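> fold the following.
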Amino acid sequence: MKRSSRRHGIGLAGPARSTATPESDERPRKTATDFGDSSDYWNRVYASRTVKGQVYRNRMAVVLRWATSVAGPGATAADVGTGAGHLAVALAERGVRVAAIDASEPMLAHVAQNASRAGVAHLVVPIASDAQRLELPSATCDVVVAIGLLPWVQQPKLALGEIVRITKPGGYVIVTMDNARSLARGLDPGWHESARGFFTTIRRLVARHSLEAPPDQWPAVARLSDVVRLLRSGGLYPLQIEGVGFGPFTFLGRNVLPNRIGLQVDRLLQWLADHHAPLLEDAAVFHIALAIKPTDEAVATG
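You can find the predicted model right below:
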């Protein structure tokens, strides 16, 4: 390893069969509401000339490169937790049919607008669905991608199980996870779980001077070994894992470097990591993993 039962118009026919169990708590709905309320921000951030925008673009570029290397024109994909649909649109521009799935209706409105603006609305089908109860038939997709999804769901194993279910045998899964050993987050005490309550209070006091208020929810983080274990527990074979992103560089959520310098530092650290500089490969903000769902024959032969 390198480091519903309705038709949706993209060739996804047949009954949906979910293995998920109903959620009883409010977190999935709250997460969808929070992201929906910030849908305009997420629609803009990928184009922003900020360190965060640069990191997200780099993350998407890796996912897009891997996805198009395993699924060419005419393939069927699902983008689970699609957000504003930037990846879904990029895949569609390369001839891939995409089910763009999100629990937030405001996000899906942005998906439809972005797909229409790019001239690929016929290839992108927005679908409102909980990631832990996907409304797609089993063994439907050549590739399933989930950028920034698993750290936010209540039960990552359940969501991954649904992702695996809708992937064809021999198909591919690409997911991202937030790195528990991220350099940038490790240097900001506001990210440390043991002190998070205290620093969140401070951040709220200074939020009026910041572009972003402190989050009400925090993404789950994982070590590289955790990512591999999660993929294997879902019946996937990991093929490649890459670290992406080294900024923003913050203290209690506020940038400590001028934007221009922050962009340069992030680019330099990413270049060093891509060239296998010691320790840096494991210090990125995100892990991106490519895995394959084995065929029945592969399982039978071990």
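
> so how far is residue 167 from the residue nearest to residue 82 when sequence neighbours are not counted?
If you skip the residues right next to it in sequence, residue 82 has residue 100 as its closest partner in space, 4.1 Å away by Cβ to Cβ, 6 or more residues apart in numbering. (Glycine included, C-beta is placed from N, CA and C.) Residue 100 sits 16 Å away from residue 167 when distances are taken as Cβ to Cβ, to the nearest Å.

> next: residue 122.
Residue 122 sits 23 Å away from residue 167 when distances are taken as Cβ to Cβ.

> quick one, which of the two is more surrounded?
Each of residue 122 and residue 167 has its neighbours counted (other Cβ atoms under 10 Å); residue 167 has more, 26 against 12.

> would you confirm that the more buried one contacts residue 293?
Yes: contact criterion Cβ atoms under 8 Å: residue 167 and residue 293 qualify, at 4.7 Å.

> okay, and the common contacts of the two?
Between them, residue 167 and residue 293 have residue 173 as joint contacts when contacts are counted by Cβ atoms under 8 Å, 6 or more residues apart in numbering.

> C-alpha coordinates for stretch 239-255, CSV please?
Output of stretch 239-255 as CSV, limited to C-alpha atoms (Å, rounded to 0.1, in the frame of the first residue of the first chain):
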residue,chain,number,x,y,z
LEU,A,239,-4.0,1.2,-2.2
GLN,A,240,-2.6,4.6,-1.5
ILE,A,241,-2.7,7.2,1.3
GLU,A,242,-1.4,10.8,0.9
GLY,A,243,-1.2,13.8,3.3
VAL,A,244,-2.4,17.1,2.1
GLY,A,245,-2.4,20.6,3.6
PHE,A,246,-0.3,22.3,6.3
GLY,A,247,-2.3,25.5,7.1
PRO,A,248,-3.9,27.6,8.1
PHE,A,249,-1.4,28.6,10.8
THR,A,250,-3.5,29.8,13.7
PHE,A,251,-3.5,30.6,17.4
LEU,A,252,-7.0,30.1,19.0
GLY,A,253,-8.4,30.0,15.5
ARG,A,254,-6.8,33.3,14.4
ASN,A,255,-4.2,33.5,11.6
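
> buried set for it?
For stretch 239-255, the buried set under the neighbour-count rule, 16 or more other Cβ atoms under 10 Å, comprises 239, 241-250, 252-255.

> can you name the element that comes right after the helix or strand of the chain with the lowest mean pLDDT?
Here the helix or strand of the chain ranked lowest by mean pLDDT, DSSP states H and E is helix 27-37, holding a mean of 51. Sequence-wise, the next helix or strand beyond helix 27-37 is helix 39-45, with elements assigned using DSSP states H and E.

> what about that next one, average pLDDT?
Averaged across helix 39-45, pLDDT comes to 74.

> what's it in contact with?
Residues lying outside helix 39-45 but in contact with it, judged by Cβ under 8 Å, 6+ apart, are 35, 52-53, 56, 83-84, 104, 106-107, 109-110, 114.

> OK, contacts around the residue lying closest to residue 156 once chain neighbours are set aside?
Nearest-residue entry for residue 156: residue 150, 4.5 Å, with adjacent residues in sequence omitted and distances by Cβ to Cβ, 6+ apart. Residue 150 makes contacts with 156, 159-160, 175-177, 220, 230, as judged by Cβ under 8 Å, 6+ apart.
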